[in-house]
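S.K.: I need the structure of the sequence given here:
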Amino acid sequence: MNRLANETSPYLLQHAANPVDWYPWGDEALRRARLENLPILLSIGYAACHWCHVMERESFEDAATARVMNERFVCVKVDREERPDLDSVYMDAVVALTGSGGWPMTVFLTPEGEPFFGGTYFPPEPRHGLPAFQQVLLAVSEAWETRSDEVRQSSANLAEHIRSGSLLAASSDPLTSRLLDDAQESLRAVFDPTWGGFGRAPKFPPAPVLEFLLRRGEHEMTRRTLDAMAAGGMHDLVGGGFHRYSVDARWLVPHFEKMLYDNALLASVYLHAARRFGDDRYRAVADRTLDYLERELALDGGGFASAQDADTNGVEGLTFTWAPGEGAPEALFEPFEHDRFVLRGELDDAERARLLAIREQRPQPLRDDKAVASWNGLALAAFAQAGRVDVAVRLAAFLLGPLSTSDGRLHRTWRDGIAKGTGYLEDYADVVYGLMELHTATGEPAFLLEAYRLARVALTLFVDDEHGGFFQAPVDGERLVARKKEVDDHPTPSGNAMFAYVLLRLARIWGDEELERRGVSVLRLVRAGLSSSPTSFGWMLVALDQHLAPHRELAIVGDPTAEVARRALAEAAPTDVVAFGPAADVPLLEGRTEVDGKTAVYVCERFACALPIT
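M.R.: Residues are numbered from 1 along each chain as shown. All right, here's what the predicted structure looks like:
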């Protein structure tokens, strides 16, 4: 066993028995690299990643390859889900070097941590235009030994490129509804009218973009995409939920990992589509997705695990695919590989239950059972929006309890009773979002007050007073090659986009001009890209729509289950903000009371309220 045996990340533990002398990222590895003047081989991946498993079997479990790695490098393994800051910085380096990125990611660094060469998957022998991994190792080692000055200069130039790329200039041009119109037209230009979605294969579920289009009331692009994704293949017709993405344009043949964040975001999208279009089919997809999360990813203590693996016993999709004679209706078969099939078509509830019972007798994929704060925040929002209040309240208690520090900050991850790592911007933004949705679902003021408190904490940790927007890592976090701002969706809403959105909503409840200004500062950083690259900025467009919408507030005082309160929520626009009271510390609620002992709804615009409705 190597040093990874002491880690909590399932991904790192998967590599603990490798013959590679892996280090986790930290002072010990960096100190050894500097002391022995050795380059660092940094390998980044995640537990549910199919090609990460392939490279491990082919290279990291191979004694000869491990010997080269151990003799010539300090080898460091990182779970990208634990350290999104490391992943972001070094992914920028790989994209700059090769023009593309992905996982597993392999990056070679100087002892000071500056990257100078990298790539993604490397095979054990040359194929498909890629050199063998051992060839790469030997070439990089030789370059370091014979041309170290040249390598260091190259790494310094690359590090400067990464730093300069993270400096975004704020636009002073006006933020107008024309940006939303132009973004919608740009999306139409890359829309697939046959199968939905945007662009060519592979296709990833575009949840943030769909949220934007739903708010615009767009019909064709939204419904075509929702219908095609739900038809089967990438959508698990038997067990509910969605696999990570499809390798084709038809949403048919997936990579089979299932991620908490995809399913949380898609559950919300289908819920919102059911409400927008009055279509119960979408509600059924959302409900089965949330059923899947409760059945397969729920953890003791109220949180949710990160993912299920793509592979079962080393075979991708083995649990989820079917062969003739295994009980599935062959009329629904669509070819996968190894004479196995995925299902596409209609299943009734009885057939679905029968097939799930058969499938549950098979070996199951491994589960990455660490809880990530931001992804649990997205799940909190989805469960609250679906009205699954008991689940959502337990999840909120988990986030504000085991996943929080004694001084009220957030950890990044939790596993087996151990919370670790600093919370990043996306953790705070997504948890605030979830708490606000839970406040709306329950009428409990404490959740709104916690959302506001965490947002104020995040302001102190991440704000860039000089240029606007927010950094990914906190001000007291580890100093890396660059302190970056994440602004584009990947595929979760970027921390900046989600934080701008919740700040703009909180600003209207608290009448807080500072929160409004901070939220708008994010939008100014990406103004130029909103209409030209809308597939990258779906949630930023949601935030801009929130900013431009009429200021309409609902102050509801009394029983949150009263008919007048539920009717007000049912008729509210997505951009309306809601506060339930009484609550002494919420400015929107000041002076608002029940009327003759009855629940009262105050409809306000910029805190100017009409007579209460009872």
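
S.K.: Residue 42 belongs to a strand?
M.R.: Yes - the assignment for residue 42 by DSSP: H, G, I helix; E, B strand; the rest coil puts it in a strand.

S.K.: What pLDDT is listed against the closest residue to residue 341 other than its chain neighbours?
M.R.: Nearest in space to residue 341, with sequence neighbours left out and distances taken as CB to CB, 6 or more residues apart in numbering, is residue 333 at 3.9 Å. The way it works is simple: take the backbone N, C-alpha and C, and place the C-beta from them, glycine included. We have a pLDDT of 98 for residue 333.

S.K.: do residue 167 as well
M.R.: Value listed for residue 167 in the pLDDT field: 85.

S.K.: Now do the contacts for it.
M.R.: residue 467 (CB atoms under 8 Å, 6 or more residues apart in numbering).

S.K.: any idea how far residue 33 is from it?
M.R.: Distance of residue 167 to residue 33, computed by CB to CB, to the nearest Å: 28 Å.

S.K.: Ok, residue 56 next?
M.R.: Using CB to CB, residue 56 is found at 22 Å from residue 33.

S.K.: what about these two, which has more around it?
M.R.: Neighbours per residue (other CB atoms under 10 Å) separate residue 56 from residue 33, with residue 33 holding more: 22 against 19.

S.K.: which parts of the helix or strand encompassing the more buried one are buried?
M.R.: Using DSSP states H and E, residue 33 falls within helix 27-36. Going by neighbour count (16 or more other CB atoms under 10 Å), the buried part of helix 27-36 is 29-30, 33.

S.K.: which strands and helices sit next to that helix?
M.R.: Judged by 3 or more CB pairs under 8 Å, 6 or more residues apart in numbering; DSSP states H and E, helix 27-36 is in contact with strand 40-45, strand 74-79.

S.K.: pull the CA atoms of it into CSV?
M.R.: Below are the C-alpha coordinates for helix 27-36, written out as CSV (Å, rounded to 0.1, in the frame of the first residue of the first chain):
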residue,chain,number,x,y,z
ASP,A,27,3.7,19.7,1.6
GLU,A,28,5.4,16.3,1.8
ALA,A,29,5.3,15.7,-2.0
LEU,A,30,6.3,19.3,-2.9
ARG,A,31,9.1,19.3,-0.3
ARG,A,32,10.6,16.0,-1.7
ALA,A,33,10.4,17.4,-5.3
ARG,A,34,12.3,20.5,-4.3
LEU,A,35,14.8,18.6,-2.2
GLU,A,36,15.7,16.1,-4.9
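
S.K.: wait, what's in contact with the residue nearest to residue 413 when sequence neighbours are not counted?
M.R.: Excluding the flanking residues, the one nearest residue 413 by CB to CB, 6+ apart is residue 370, at 5.0 Å. For residue 370, the contact set (CB under 8 Å, 6+ apart) comprises 8-10, 81-82, 305-306, 413-415.

S.K.: Correct me if wrong: residue 448 contacts residue 509.
M.R.: Yes - at 7.3 Å, residue 448 counts as touching residue 509 under the criterion of CB atoms under 8 Å.

S.K.: what touches both of these two?
M.R.: Joint contacts of residue 448 and residue 509 (CB under 8 Å, 6+ apart) are 579, 586.

S.K.: Looking at the two now, which is surrounded by more residues?
M.R.: Just comparing residue 448 and residue 509: by other CB under 10 Å the higher neighbour count belongs to residue 448, 28 against 24.

S.K.: element containing the spatially closest residue to that one that is not a sequence neighbour?
M.R.: Excluding the flanking residues, the one nearest residue 448 by CB to CB, 6+ apart is residue 439, at 4.1 Å. Using DSSP H and E, residue 439 maps to helix 425-442.

S.K.: what packs against that helix?
M.R.: Using 3+ CB pairs under 8 Å, 6+ apart: helix 425-442 touches helix 373-385, helix 389-400, helix 445-462, helix 495-510, strand 577-581.

S.K.: can you list these in CSV and add distance to residue 132 and mean pLDDT?
M.R.: As requested, those are exported to CSV (distance: least, CB to CB, whole Å; pLDDT from 0 to 100):
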stretch, distance to residue 132, mean pLDDT
helix 373-385, 36, 98
helix 389-400, 45, 98
helix 445-462, 42, 98
helix 495-510, 38, 98
strand 577-581, 57, 97
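
S.K.: so which of those is the most packed in?
M.R.: Stretch with highest mean neighbour count among the helices and strands packed on helix 425-442: helix 373-385 (a mean of 28; mean count of other CB atoms under 10 Å).

S.K.: could you dump that one to CSV, C-alpha only?
M.R.: The C-alpha trace of helix 373-385 is given here as CSV (Å, rounded to 0.1, in the frame of the first residue of the first chain):
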residue,chain,number,x,y,z
ALA,A,373,-21.1,20.3,-0.4
SER,A,374,-22.0,22.1,-3.7
TRP,A,375,-23.6,19.0,-5.3
ASN,A,376,-25.6,18.4,-2.1
GLY,A,377,-26.7,22.0,-2.3
LEU,A,378,-28.1,21.4,-5.8
ALA,A,379,-29.8,18.2,-4.6
LEU,A,380,-31.3,20.2,-1.7
ALA,A,381,-32.8,22.6,-4.2
ALA,A,382,-34.3,19.8,-6.3
PHE,A,383,-35.8,18.0,-3.3
ALA,A,384,-37.3,21.2,-2.0
GLN,A,385,-38.7,22.2,-5.4
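
S.K.: Format the helices and strands packed on helix 27-36 as a markdown table; extra columns: mean pLDDT.
M.R.: Converted to a markdown table, these look like this (pLDDT from 0 to 100):
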| stretch | mean pLDDT |
| --- | --- |
| strand 40-45 | 98 |
| strand 74-79 | 98 |
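
S.K.: Out of the ones you listed, the one nearest residue 103 is which?
M.R.: Across the helices and strands packed on helix 27-36, residue 103 has its closest neighbour in strand 40-45 (4.7 Å, CB to CB).

S.K.: gap between the closest one and the chain center?
M.R.: Counting by CA atoms, centre = their mean, to the nearest Å, strand 40-45 is centred 22 Å from the centre of its parent chain.

S.K.: Stretch 6-22: end-to-end distance?
M.R.: 11 Å (CA to CA, to the nearest Å).

S.K.: Contacts only, for the residue nearest in space to the middle of the chain.
M.R.: Central residue of the chain (CA atoms, centre = their mean): residue 492, 3.3 Å from the mean position. By CB under 8 Å, 6+ apart, the residues touching residue 492 are 208, 261, 265, 374-375, 378, 426, 430.

S.K.: Does it belong to a helix, a strand or coil?
M.R.: coil.

S.K.: Next one, pLDDT for it please.
M.R.: 96.

S.K.: Could you do residue 553 as well?
M.R.: At residue 553, the pLDDT recorded in the model is 97.

S.K.: can you give me the strands in the stretch 151-300 of the chain?
M.R.: For the stretch 151-300 of the chain, the strands defined by DSSP state E, counting those that start in this stretch occupy 245-246, 254-255, 258-259.

S.K.: how far does the second one sit from the chain's center?
M.R.: Centroid separation for strand 254-255 versus its chain: 18 Å, with CA atoms, centre = their mean.

S.K.: in its sheet, what does that strand sit against?
M.R.: strand 245-246 (antiparallel) (DSSP bridges).

S.K.: before we move on, back to that, out of the strands of the stretch 151-300 of the chain, the one nearest residue 178 is which?
M.R.: strand 245-246 (32.2 Å).

S.K.: so where's the chain shaky on pLDDT?
M.R.: For the chain, not a single residue meets the criterion pLDDT under 70.

S.K.: Sweet, I'm off.
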